[in-house]
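Novice: Fold the following for me, if possible:
(2 chains)
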Amino acid sequence: MARNLGFLFLILSLTVCQAAIFEPVSDKHRSAALHLFRPVDGTFGSFEESYEALRTFEILGVKEFDISKSTCPLVLKTLEAFPPSSKDLFDALRVNHILRCEVEADIFEKIASKLQTSIKEASSLLDFYYGVQSLGLIKEQSPETNVQLSDASTSFHSIKSLSQSDGRWLFSFGSAESSTYAAGLALETLAGVISLASSELDQSMIGTVKSDIVKLFDSIERYDDGSLYFDDKLLDTHGHHGPLSTTSAVVRGVTSFSAVISGKLNLPGDKILGLARFFLGIGVPGNAKDLFTQIDSVACLEDNKVSIPLILSLPATVLSLTKKDQLKVKVNTVLGSSAPPLTVKLVQAFSSDNKIPVLENQELNADPESSDHSLDILSSNIDVGKYIFSFRVVLHDSENKKNYATGGQTQVPIFITGFINVDSSEIAILDSDLGSIETKQKLDLSGKTSLSLSANHLQKLSLHFELTTPHGNSFHPHQVFLKLSHESKVEHVFVVGKSGKHFKIILDFLGLVEKFYYLSGKYDLQLTVGDAAMENSFLIVLGHVELDLPQAPEKAPRPPPQLVDPSSIYRPKPEITHIFRATEKRPPQELSLAFSCLTVLPFFAFLIGLLRLGVNLKNFPSSALPATFALLFHCGIAAVLSLYLLFWLKLDLFTTLKALGFLGIFLLFVGHRTLSHLASTSTKLKSA
Amino acid sequence: MAMKLSIFVALIALLLPLLSTAFSPETPTDRRILVLLDDQSIKSSHSIFFKSFQTRGYDLDFRLADDPKISLQRYGQYLYDGLILFSPQAKRFGGSLDLAGVLEFVDSGRDLVIAADGAASDLIRDISTECGVDFDVDSAAMVIDHTSYAVSKTDGDHTLIASDEFIQSDVILGSEKIEAPVIFKGIAHSLNPANSLVLKVLSASPSAYSANPEAELSSPPSMSGSSISLVSVVQARNNARILISGSLDLFSDRLFGSGVQKAGSETTFEKSGNEQFVTELSKWVFHERGHLKAVSIQHHKVGEVVEPAMYRIKDELEFSVEIYEWSGKSWQPYVSDDVQVQFYMMSPYVLKTLSTNQKGLYSTSFKVPDVYGVFQFKVEYHRLGYTGLSLSKQIPVRPFRHNEYERFITTAFPYYGGSVSMMAGFFVFTIVYLYNK
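Specialist: Next up is the predicted model:
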């Protein structure tokens, strides 16, 4: 059921809501067909696809592609080989039916005889279907071939025995589920059997099939917009067929059956019209298969013997009074060709709001050259608004009334639009208790205004204007909003109410303080007036009002969080560079160097002082060994001192200490020798 | 035995393609999408949309929403990478799928497309609410706009809206500008301000409002103006992407092919912007654009190539990362000038924009701050429409060693000079003291 509802909704959404308007097949279908069926290397793919393409183009009268050169050899090859699958043969014959390739008569002869035997042995509906349909195609392509079914009534009986009491059919004797799709195929097959029969078939059998069809139509399903369709509920072994292909199969079956029998099928024309509406309601399908199904079914309905549906359509349902549009109605057959002579009557037109009829019993002027019927709404004094027009199609010829289905009254929603005048608009700030006017300003709502008002919570803001239609009546649009938006993006929308002819709103800020979340500050005023029938719907920024509201109490509601602009979240962050610790302040280099020089000066003073004192080195040991030790001792001291210097320049502590250790031991040794020698020398001197 | 083995191999071969994973940089191709429909006819009425997926190499599995055989997982593995819910009226899904199942599917990093319309069921509304989008509660309400509607001879109630207020993002809507307005007919939704992940892709004009076109308005509409979102997207933190549209017709062949003229404008477009808009958006949703990956994060001292185990304060270092974007077929270098790296310890010490070589390599150099501790190189890249990159790499920073300080400070020369002259004096003095007579 959900599925059906879904389809219903789809149909509704694809067409205009309420009483829908169905358009006959048009150029949109042609361009869609050219777009969807595109030959690749001169063919459309398989025979089935080729047939679908060729058939669609044939019906739509499109002659863009000629594929006979590349496809005919393939068809010939298939027919000569007599494919084992009856479906392939059927598809090849179908393609040939349109392409009319040159096939020798004896090939047809051979195929026909094989088909005749296969029909005798057939056990399932599809075997019958392909066999009988193929024979029918051969009959049309080569009239001299003998395709007659000698025992047509046996075949008729075996097909009929698959039918069920509710008008559906079984696919084969073994299967348990009956199907509407199968019913369509069966009817088409029976129609083929009747036309191929060598002798007249029993009329009573045909009569029972007729009543089966009536029963089948009892299971028809309906959408709200008046379109009717068939649907198979069950999934069976042959795969599920959607409403479109199921309905299409039934339509093909019923129309071909009604074409071959002598009498008329007892089906109401409205049901056929409902089926036509179903196919047209789809609009332009987006895939090739559906487009073919739609176009093929519509073509079956175009010239069926039950009743030919006539489609009433309106090129435009939005009519502008300023542009002086005329109401135009077209009546066509489903494929868009012109209808027999007829008159379109406007039964009634009423406003959808208050259901008051504004027009009644008018005859539309027929344009003899086209299928248009028009009505001058400007002279008929209809004001702007939304109306429901109901039309009735009256056929001139009484004989045609039997053959055509017009569907009684058709209701169409019509919008009449016009230019709405805005008058005497005023905005004022009132003092609350006294009602005295503090400031009052006239507004020009058609141009730009930039109000600058201010108010406190004890005052009121009043806005007032008038709307009149081109006919001078007052007009009530669907959308009359006054929007106040605070700097912090908090918005408040008020519907401006109507009192008599005026639109008036009074904002008493005292009562609105809580609603405004006690937010003082600048509020922008924005007025929106719009309606479906209003051609000059507008949105204008009136200006701003500076509100001075009291402080928010403790428990006051907080304004709701506002949406954050995504660009503020998703953007690069400002760069950060690390600020390094500042280096210590140092005196200038020159100063340091100057002081360094100064520190060396005492050394020179020391040297000079020594020279002035007249130092000598007479005490230096004269003998070789002590002299060597003394020399080594001083070299050692010099080495230690230069080690300190090296320590500063490059060495680390560990190397220095190591070297110092060795040097120290060496110094201890040579120092001891030197000093003991010096001591012994001085003792000798003293004792001497 | 051999036969058993061959059967086993055949089974594995059959099962393998059924097991799918979410979009991952390793296996970004072979993506399966489950499409849930209210009715099989949607398949044909929206065929251009579905065909665009098939031509891009997706594998679509169409199911009716009430099909009892629907299941997203088998043996704990997801069978699909994406879910398209074109079943606005489904009150419940068939099989074991439910609201929690859909949310789990998204939580596993997979993508979702939701289309609602006037008759949207509570289930669809609930799923959208979980994604941060609230549809108008009034089920009869539609988006109406009396100033920027699509001019039509047969649709008079101004619910067919022509909007060109797109999000400014090349990554979401493609680099080619959408010239023609997008036609929309459906219901309004607003974004939850608490959710920062949801974005308005197509918003209504300031004069739009959400109301029942048949009934007179007595109270202000619940949604009005530009706060109405027509189409929104969500990019979750796990990079799952969600598209939410208030209109199923937006995707239909009929609106794809219909011409459009916005009210009040003279230009008529042969074809509406719907096809381009929807196709580009679907490319984004299914990660054909804007999915970034970062590889080979490298850092080293200036003049070296080997990555050190540790930096010293005040070292000059070079940092580089390669970023690529998935183009639907291959990883292409990502080019941008706003990728930033942070040198981070509790808070960023250095935040620097990387320069690119236009081939995906981003690099920069900076000086390590004079603070020691355990730092991180962080690339936090979150841009509108792109998947987020959050990379971090830890690196310790040490202070100077004892021998790394400055050795020859001029200011100290007087002290050294004093010592040296004192040492020289000492040397001379020892000689003089010992040998003077």
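
Novice: how about low-confidence regions in the chain?
Specialist: All of this refers to chain A. Flagging of chain A using pLDDT under 70 yields the residue ranges A:1-20, A:84, A:233-240, A:432-435, A:446-447.

Novice: not what I meant, chain B
Specialist: Where chain B drops to pLDDT under 70, the residues are B:1-30.

Novice: Centre-most residue in it?
Specialist: Nearest residue to the geometric centre of chain B (C-alpha atoms, centre = their mean): B:Thr387, 3.2 Å.

Novice: Where is the longest helix in the chain?
Specialist: By default, I'm working from chain A. helix A:653-687 (DSSP state H).

Novice: let's do chain B instead
Specialist: Ranked by residue count under DSSP H, the longest helix found in chain B is helix B:413-435.

Novice: ok, back up a step: for the residue nearest to the centre of chain B, what are its contacts?
Specialist: By C-beta atoms under 8 Å, 6 or more residues apart in numbering or on different chains, the contact list for B:Thr387 reads B:235, B:239, B:287, B:290-292. Using the backbone N, CA and C atoms, a C-beta is placed for each residue, glycine as well.

Novice: Same question for A:Lys504.
Specialist: A:462-464, A:496-498.

Novice: Could you rerun that using 7 Å?
Specialist: Applying C-beta atoms under 7 Å, 6 or more residues apart in numbering or on different chains to A:Lys504 gives the contacts A:462, A:464, A:497.

Novice: out of those, who's nearest chain B?
Specialist: A:Gly497 (8.5 Å; C-beta to the nearest C-beta).

Novice: Phi, psi for the closest one please.
Specialist: Here is the backbone geometry of A:Gly497 (degrees, to the nearest 10): phi -80, psi 160.

Novice: For it, give its distance to A:Leu507.
Specialist: 12 Å (C-beta to C-beta, to the nearest Å).

Novice: more neighbours, the two?
Specialist: Using other C-beta atoms under 10 Å in any protein chain shown, the more surrounded residue of A:Gly497 and A:Leu507 is A:Leu507, with 23 against 12.

Novice: so that one touches A:Lys460, yeah?
Specialist: Yes - with contact defined as C-beta atoms under 7 Å, A:Leu507 reaches A:Lys460; the gap is 6.3 Å.

Novice: all strands of the stretch 301-437 of chain B, in order?
Specialist: Taking DSSP state E, counting those that start in this stretch as the test, the strands found in the stretch 301-437 of chain B are B:311-312, B:316-326, B:331-333, B:340-345, B:347-353, B:355-356, B:361-367, B:373-381, B:389-398.

Novice: So which of the ones you listed has the densest surroundings on average?
Specialist: strand B:340-345 (a mean of 21; mean count of other C-beta atoms under 10 Å in any protein chain shown).

Novice: and the angle for it with strand B:361-367?
Specialist: 40 degrees (axes from the mean of the first three to the mean of the last three C-alpha atoms, to 10 degrees).

Novice: so strand B:340-345 versus strand B:373-381, what angle?
Specialist: Using the same axes, to 10 degrees: strand B:340-345 against strand B:373-381 is 150 degrees.

Novice: elements contacting strand B:340-345?
Specialist: In terms of contacts (3 or more C-beta pairs under 7 Å, 6 or more residues apart in numbering or on different chains; DSSP states H and E), strand B:340-345 is packed against strand B:347-353, strand B:373-381.

Novice: could those strands go into TSV alongside distance to chain A?
Specialist: Below are the helices and strands packed on strand B:340-345 laid out as TSV (distance: least, C-beta to the nearest C-beta, whole Å):
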stretch	distance to chain A
strand B:347-353	4
strand B:373-381	9
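
Novice: Bridged to the residue in the stretch 351-500 of chain A positioned nearest to chain B, which residues?
Specialist: Residue nearest to chain B within the stretch 351-500 of chain A: A:Phe415 (3.0 Å; C-beta to the nearest C-beta). Under the criterion DSSP bridges, A:Phe415 forms beta bridges with A:Val318, A:Lys386.

Novice: Name all residues that make contact with the nearest residue to B:Phe62 once chain neighbours are set aside.
Specialist: In space, and not counting its chain neighbours, B:Phe62 is closest to B:Val35: 4.9 Å by C-beta to C-beta, 6 or more residues apart in numbering or on different chains. By C-beta under 7 Å, 6+ apart, B:Val35 lies in contact with B:60-63, B:84, B:86.

Novice: Mind giving me the ChimeraX select for those residues, buried ones only?
Specialist: This is the ChimeraX syntax for the buried subset of these, where burial follows 16 or more other C-beta atoms under 10 Å in any protein chain shown:
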select /B:60,62,63,84,86
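
Novice: now, the most widely separated pair of the contacts of B:Val35?
Specialist: Pairwise distances across those (C-beta to C-beta) peak at 12.8 Å, for the pair B:Asp61 and B:Phe86.

Novice: ok so, going back, dump the contacts of A:Lys504 into CSV; add distance to B:Ser336 as well.
Specialist: Listed next are these as CSV, based on distance: C-beta to C-beta, whole Å:
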residue, distance to B:Ser336
A:Ser462, 54
A:His464, 55
A:Gly497, 53
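
Novice: With that, I have no additional questions.
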